[in-house]
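Peer 1: Predicted model follows, preceded by the sequence.
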Amino acid sequence: MTFVMNDVKISPDTKSLLFEKHVEYISNYGKDKNEYEYHMTEFLRMSGIYWGVTALDLMGELDKIDRDTVVEFVKKCQCPVSGGIAACDGHDPHILYTLSAVQILCIYDCLSEIDTDAVVRYVGNLQQPDGSFFGDKWGEVDTRFSFCAVATLAILNKLDTIDLPKAVDFVMSCSNPDGGFGSKPNAESHAGLVYCCVGFLSITNQLHRLECDKLAWWLCERQLPSGGLNGRPEKLPDVCYSWWVLASLTIMGRLHWISAEKLQQFILSCQDNETGGFSDRTGNLPDIFHTLFGLGALSLLGSDQLKKVNPTFCMPEYVIQKFNFQKRLKITMFLGT
Ligand code: GRG
């Protein structure tokens, strides 16, 4: 029997991090309003800004973006009726962009610039009787939204405003016999959703519910001969899975289960030598999403050129320490059980 494995050949040329080029690439993000890409990515702008702000902060270059412009942008995107936050002024609010906005303001230490009580109400109203969360008023359910809900509320210190036991039961109902998690019950395991569920269980202090060895083994099987990681069996590797897989392994204390050296080579091969930034795979065009997740993974691997990143929140660890989220969370969960 022959097995076909989807993989790529990587160029071994780039061995170091093109630090200055990445700083330039990220600080130019969204500056040229005449670019086709600027308009095509309007629907995810709030997350784009979170990816850029986080990446620059990890590089110690946060002052390369104008803080006041970013904060003004975020404030304009809060819906005065629902309290949720949109990707862009004039768009519908969504829990994905609500989390990104809260992460940005938390990094800038100015959460009081928005109506945080309204954000908490928005998130709470999205919870359903089975514990799951809608992404917005249109009613899609996905474990990504469960993660966004608890991450947002944890940052705002308001986890006690939702039905946590039911939220946990829903996420656990999305686990599969292979140890992984999907977007809803009986959906295929996917590394992105594994991150959401492991992050969710970490925030809610329920990591003991995981079959860690089985799940970590499934995650290790994502590593291909090129060193890159895919999101599910038979798929091509992609730099973003370096984050989703590695962060999940880190939370479970099993980062050493994959080859860090080969993964690092793969990630570095996805840098654009001319413009800076990272692409999904060697030779493709870079974008801000893959740039954050490439840098985030290198930080998890211990790069001494980057600040330490928190594997659960994907924010600089110093920010998490400053607000002491995880300690506060343990207290909330202890009192709540
Ligand atoms: C704060 C870091 C952070 C995240 C917020 C939105 C979110 C929470 C996480 C996203 C997780 C993720 C990437 C989920 C993947 C969803 C999915 C099923 C993607 C399938 O995409 P394909 O089919 O990709 O294009 P593959 O690689 O499977 O071919």
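Peer 2: Yep, it's here. Numbers count the residues shown, from 1 in each chain.

Peer 1: mind listing what's buried in stretch 103-119?
Peer 2: 103-108, 111, 114, 116, 118-119 (16 or more other Cβ atoms under 10 Å). C-beta coordinates here come from the backbone N, C-alpha and C atoms, glycine included.

Peer 1: ok, and which of these reach the ligand?
Peer 2: When contact is defined as Cβ under 6 Å from any ligand atom, these do not meet the ligand at all.

Peer 1: For Ser27, which non-adjacent residue is spatially closest?
Peer 2: Of all residues not flanking Ser27 in the chain, Lys64 sits nearest, at 3.9 Å (Cβ to Cβ, 6 or more residues apart in numbering).

Peer 1: returning to that earlier point: which one of the buried residues of stretch 103-119 is nearest Leu229?
Peer 2: Gln103 (23.7 Å; Cβ to Cβ).

Peer 1: Which pLDDT value belongs to that closest one?
Peer 2: At Gln103, the predicted lDDT confidence score is 98.

Peer 1: next one: His190
Peer 2: 98.

Peer 1: and Phe289, how many neighbours?
Peer 2: Applying other Cβ atoms under 10 Å, we find 20 residues neighbouring Phe289.

Peer 1: How much space separates the nearest residue to it once chain neighbours are set aside from the ligand?
Peer 2: Counting by Cβ to Cβ, 6+ apart, Trp51 is the residue found nearest to Phe289 once chain neighbours are left out, at 5.7 Å. Going from Trp51 to the ligand by Cβ to the nearest ligand atom, to the nearest Å gives 9 Å.

Peer 1: what sits against Trp51?
Peer 2: Contacts here follow Cβ atoms under 8 Å, 6 or more residues apart in numbering; on that basis Trp51 touches 288-289, 291-292.

Peer 1: surely Trp218 meets Asp178?
Peer 2: Yes. Trp218 sits in contact with Asp178 when judged by Cβ atoms under 8 Å, with a separation of 5.3 Å.

Peer 1: Neighbour count for those two, which is higher?
Peer 2: Taking other Cβ under 10 Å, Trp218 and Asp178 do not tie; Trp218 has more neighbours (21 against 16).

Peer 1: Before we go further, the more buried one is sitting in a helix, right?
Peer 2: Yes. Under DSSP: H, G, I helix; E, B strand; the rest coil, Trp218 sits within a helix.

Peer 1: any idea how far Val245 is from it?
Peer 2: Shown here: Trp218 relative to Val245, a distance of 10 Å by Cβ to Cβ, to the nearest Å.

Peer 1: Near the ligand, which residues of the stretch 101-250 of the chain? Just list them.
Peer 2: By Cβ under 6 Å from any ligand atom, the residues of the stretch 101-250 of the chain that approach the ligand are 144, 147-148, 190, 192-193, 195-196, 231-232, 235, 238, 244.
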